[in-house]
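Chemist: need the 3D shape of this:
(one chain, ligands or ions: 1)
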Amino acid sequence: MFENLSERLGGVFDRLTKQGALSEDDVKTALREVRVALLEADVSLPVARQFVKAVEKKATGAAVTKSVTPGQQVVKIVHDELIAVLSGEGEPGKLKIDNPPAPILMVGLQGGGKTTTTAKLAKRLKERDGKKVLMASLDVNRPAAMEQLAILGTQIGVDTLPIVKGEDPVAIAKRAKTQAGLGGYDVYLLDTAGRLSIDEELMRQVEAVRDVANPRETLLVVDGLTGQDAVHTAENFDTRVGITGVVLTRMDGDGRGGAALSMRAITGKPIKFVGLGEKMDALETFEPDRIAGRILG
Ligand code: GDP
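Modeler: Modelled structure (predicted):
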């Protein structure tokens, strides 16, 4: 997920920790290299700048302790700063799903992995949290997408709202709500339609669905391989419909990982989960300390 970044930072820190004493210039050079590594990983420029500034400030102010070398101390500061830049409020992976039936709205662009993630999340809620889950596809323009969700539902043993031809997304959302109430479901997931790019019609449709569903969580599903584009998509969706969190997909690919590092700082919204493959189990809680550990190798 962060192989290149990890390798680059590893090189910088190897050199740094091998030295006994560090001059201010040594630290400056190392931090310049950290900044380049972050930019190469497609972290946005203001985030990379801010990150290095924060590390520099702490490194110069850090009390020298005998137990670690100055280089190790810098690495520790980078580690803590990575956690800070990745962290959101609340417990990682926790969703607001009390007061059943709790609606969760899944939004995003077409091809980002929304339908797959909806099913993965449903499976997780069912198996880990013991919830009774209902899924509904609102993608009326793509019957294949509605079928896809139904097939995944059968595969994972989660109910899907029966497909009624000719119904619009708002009517489906209302029917899902009624069905979830009557059927004693804890959670219902609304898989909205995606488009290849953000357009007015898509946003209006998602807004209309949001207004009737009043979701407890609105999760943006976005392809992590698209780097800074993923962050822009999140900004756009947040401005229009208001999101509560992000799921970054395709983090099993050879992406540079920058989206993960910029997301929280730029949008103010936490990454809740990462998608690590096509299989229904390939959804992981986004845990900042584990991710920071992975980046620093
Ligand atoms: P949607 O149009 O946003 O609903 O996207 P889909 O859920 O149909 O996903 C598009 C493709 O991406 C499918 O082939 C999925 O199997 C694949 N996909 C989704 N999430 C992941 C992931 O985390 N990793 C990988 N490698 N593939 C994924």
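Chemist: the stretch 1-150 of the chain against the ligand: which residues are in contact?
Modeler: Neighbours of the ligand within the stretch 1-150 of the chain, by C-beta under 6 Å from any ligand atom: 108, 110-116. Heads up, the C-betas are built off the backbone N, CA and C, glycines and all.
Chemist: for PyMOL, write a command that selects the buried ones of those.
Modeler: Filtering those down to the buried ones (16 or more other C-beta atoms under 10 Å) takes a single PyMOL command:
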select buried, resi 108+110+112+113+114+115+116
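Chemist: any regions of the stretch 1-150 of the chain where pLDDT drops low?
Modeler: 62-67 (pLDDT under 70).
Chemist: repeat the analysis, applying 50 as the threshold.
Modeler: Across the stretch 1-150 of the chain, nothing is flagged by pLDDT under 50.
Chemist: mind picking the two most distant members of the residues of the stretch 1-150 of the chain next to the ligand?
Modeler: Within those, two members stand farthest from each other by C-beta to C-beta: Q110 and T116, at 12.3 Å.
Chemist: so M203 makes contact with D238?
Modeler: No - using C-beta atoms under 8 Å, M203 is not in contact with D238, being 11.6 Å away.
Chemist: burial measure for the residue in the stretch 151-297 of the chain that the ligand sits nearest to, as a count.
Modeler: When distances are taken as C-beta to the nearest ligand atom, the stretch 151-297 of the chain reaches nearest to the ligand at G275, 2.5 Å away. Residues within reach of G275, counting by other C-beta atoms under 10 Å, total 26.
Chemist: now the helices: where do they sit in the chain?
Modeler: 3-18, 24-40, 45-61, 70-86, 114-127, 143-156, 169-182, 200-213, 228-241, 258-267, 288-296 (DSSP state H).
Chemist: out of those, which is the most enclosed?
Modeler: helix 258-267 (a mean of 25; mean count of other C-beta atoms under 10 Å).
Chemist: which helices and strands sit right next to that one?
Modeler: helix 45-61, helix 70-86, helix 228-241, strand 245-249, strand 271-275 (3 or more C-beta pairs under 8 Å, 6 or more residues apart in numbering; DSSP states H and E).
Chemist: got the angle for the first one vs helix 70-86?
Modeler: Angle of helix 45-61 versus helix 70-86, following axes from the mean of the first three to the mean of the last three C-alpha atoms, to 10 degrees, is 140 degrees.
Chemist: returning to what we had before: now the residue of the stretch 151-297 of the chain closest to the ligand. Nearest residue, chain neighbours left out?
Modeler: Leaving aside its sequence neighbours, G275 sits nearest to T249 (C-beta to C-beta, 6 or more residues apart in numbering; 3.5 Å).
Chemist: now swap in V133 and tell me
Modeler: Per C-beta to C-beta, 6+ apart, closest to V133 is A122, 4.6 Å.
Chemist: does the one you found really touch I156, like I thought?
Modeler: Yes - with contacts counted by C-beta under 8 Å, A122 reaches I156, the gap being 6.6 Å.
Chemist: isn't D186 right up against V133?
Modeler: Yes - judged on C-beta under 8 Å, D186 makes contact with V133 at a distance of 6.9 Å.
Chemist: what touches both of the two?
Modeler: L125 (C-beta atoms under 8 Å, 6 or more residues apart in numbering).
Chemist: those two: which has the busier surroundings?
Modeler: The neighbour comparison of D186 against V133 (other C-beta under 10 Å) goes to V133, with 28 against 19.
Chemist: contacting residues for that one?
Modeler: 122, 125-126, 158-159, 185-189.
Chemist: now do D191
Modeler: D191 neighbours (C-beta under 8 Å, 6+ apart): 106, 114-115, 118, 135-139, 145, 149.
Chemist: grab the nearest non-local neighbour of it.
Modeler: Closest to D191 by C-beta to C-beta, 6+ apart is T118, at 4.4 Å.
Chemist: likewise for R210?
Modeler: V241 (5.5 Å).
Chemist: now the nearest residue to D159 once chain neighbours are set aside, which residues is it bridged with?
Modeler: In space, D159 comes closest to L134 once its chain neighbours are excluded; the distance is 5.2 Å by C-beta to C-beta, 6+ apart. With DSSP bridges applied, L134 shows beta-bridge pairing to D159, Y188.
Chemist: can you tell me which residues contact L134?
Modeler: 101, 158-161, 176, 179-180, 183, 185, 187-189.
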